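> need a structure here:
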Amino acid sequence: MEIPPKSPDGSEKSPQSKELLPSNTASTLCISSRSESVWTSESRSKWDIYHKPIIVMSVGAAVFLFGVVITSLSCIQISNKDVYKMCGPALLSMGLMLLVCGLVWIPIIRKKQKQRQKSQFLQRLKSFFFNR
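Have a look, this model is predicted:
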């Protein structure tokens, strides 16, 4: 007769008893999910929801305006004209890209919010009918 191997914590459990242990997969999924707000029902303020796109748009607008100033300096100033001509359009394009990314991000967040509300409603409805 073989003695079952000891587990790292020192207890003797057979491989069959390990299979019968309850699985914590659902709770692990909730904890390790990328956005925990999907699993919680607490409401968040508008700033909590939209602060990242607002910051991206603000930085984009600032970089874009700085690019406008640098580009206009290339037309006015004579010294270091090549530097202004290279940096100005680069800052213009980066600022415009960040501004557009922020503007596109807002409708995506709104769509996710609507989907989450529908999902929560369907989960409540499902739990009402199947948990009797």
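
> any weak-confidence spans in the protein?
1-42, 77, 132 (pLDDT under 70).

> can you list the residue ranges for strands in it?
In the chain, no strands are defined using DSSP state E.

> for it, which helix is longest?
Using DSSP state H to define each element, the chain has its longest helix at helix 81-130.

> what packs against it?
helix 46-76 (3 or more C-beta pairs under 8 Å, 6 or more residues apart in numbering; DSSP states H and E). Yep, even glycine has a C-beta here, placed from its N, CA and C like the rest.

> next, the buried residues of the helix it packs on.
Of the residues in helix 46-76, 49-50, 53, 56-57, 60, 63-64, 66-67, 70-71, 73-74 count as buried by neighbour count, 16 or more other C-beta atoms under 10 Å.

> and that helix with helix 81-130, angle?
160 degrees (axes from the mean of the first three to the mean of the last three C-alpha atoms, to 10 degrees).

> start at 842 instead
Sounds good: first residue 842 from here, last item helix 887-917.

> packing partners for helix 887-917?
helix 922-971.

> before we move on, the earlier item: list just the nearest of the buried residues of helix 887-917 to L940.
G901 (3.5 Å; C-beta to C-beta).

> now the closest one, nearest residue through space, not along the chain?
Distance criterion C-beta to C-beta, 6 or more residues apart in numbering; nearest residue to G901, sequence neighbours excluded, is L939 at 2.9 Å.

> tell me who's in contact with the closest residue in space to V941 that isn't next to it in sequence.
Residue nearest to V941 in three dimensions, not counting chain neighbours: G901, with 7.6 Å by C-beta to C-beta, 6+ apart. G901 makes contacts with M935, G936, L937, M938, L939, L940, V941, C942, G943, as judged by C-beta atoms under 8 Å, 6 or more residues apart in numbering.
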